[in-house]
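In: pasting the sequence and the predicted model now:
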Amino acid sequence: MTFLEKYNRAVRENDSLLCVGLDSDPARIPDCLKKEKNPILAFNREIIEATRDLVCAYKPNAAFYESAGRMGLEAWEALAGMAGEIPLIADVKRGDIGNTASHYARALFEANSFDAATINPLMGRDTIEPFIRYDGAYLFLLGLTSNDSARDFEYTGGLYKKIARKTVRWNEEFGHRLGLVAGATKPGELKRMRKTATKEVFLIPGIGTQGGDLKRTIAAGYSGKEGNMVINVSRSVIFAGKDADFGEKARREAMQYKDMINEARRAV
């Protein structure tokens, strides 16, 4: 199944636009798992089992796995098998060209079985093509990120708006397999991006710990069946508990976010 097929089915069956970010920092994994052969893998398995029916996607950030060495690589490679029919977005923000980009793409879609990835498009079309060659893969291009210093470059000359316009044009050629990253901490700009990119799926970071306003985000970017959203919450969900019941607490937190998202989109 393609990313969009998995995503649309999960949205429908789970009635959810919530994505749980698997930013599984080894330093924050509960002590009850520290004696496991691979604490990161064990942590991910329990989080996924606790939230599988509440989400539309999972988004692991590669940094937390790469920094953990062999243990992290093993956990990274196990993710696709654990996620099953829930789509898996590799948050890698790759942005290179030529042979290098081809190897990055192989790492995600051949050596591993991710459904989508985040891509930095600043080097242009050459950064996109090696990834789009993989049938069914979906790419979220960095448009406007949620961090404060995004203003250093992403606003310059309306860059984030140019990326949105280019994404729409490329989608006509690539079969609508490109979406956009649009931070929840900037709802006004998100709304402007949505006016341009009416049908693209938006990956929305910044809700939860980063302080993005959920109601304003939904109002700015949600437009029913077209213009869907993947609303990511990471630390607020996966680290909701510190003890042996961390899975139950993660589930309760995920359910609250799912319900808040649904309440907000019903109001649009």
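Out: Here it is on my side, so go on.

In: count the neighbours of the closest residue to P30 other than its chain neighbours for me.
Out: Excluding the flanking residues, the one nearest P30 by Cβ to Cβ, 6 or more residues apart in numbering is F246, at 4.9 Å. (Each C-beta comes from the backbone N, C-alpha and C, glycine too.) Using other Cβ atoms under 10 Å, F246 has 21 neighbouring residues.

In: pretty sure V92 sits in a helix.
Out: No - for V92, which was evaluated using DSSP: H, G, I helix; E, B strand; the rest coil, the result is strand, with no helix membership.

In: so it makes contact with N112?
Out: No - V92 lies out of contact with N112 (Cβ atoms under 8 Å); the separation is 10.6 Å.

In: between the two, which one's more packed in?
Out: Neighbour totals were compared for V92 and N112, and V92 leads with 19 against 15 (other Cβ under 10 Å).

In: what residues are up against that one?
Out: Listed by Cβ atoms under 8 Å, 6 or more residues apart in numbering, the contact partners of V92 are A62, Y104, L108, A117, T118.

In: P187 too?
Out: G212, D213, R216, T217, A219, A220, G221.

In: and the gap between it and V11?
Out: Here P187 is placed at a distance of 21 Å from V11 (Cβ to Cβ, to the nearest Å).

In: now the one helix or strand N171 maps to: buried residues?
Out: Using DSSP states H and E, N171 maps to helix 159-174. Neighbour counts over helix 159-174 (16 or more other Cβ atoms under 10 Å) mark Y160, K161, I163, A164, K166, T167, V168, W170, N171 as buried.

In: burial measure for G208, as a count.
Out: G208: 19 neighbours (other Cβ under 10 Å).

In: could you report the neighbour count for the nearest residue to it once chain neighbours are set aside?
Out: The spatial neighbour of G208 that comes closest, neighbours along the chain excluded (Cβ to Cβ, 6+ apart), is S236 at 3.5 Å. Counted with other Cβ under 10 Å, residues neighbouring S236 total 18.

In: now do G241
Out: Counted with other Cβ under 10 Å, the neighbours of G241 add up to 16.
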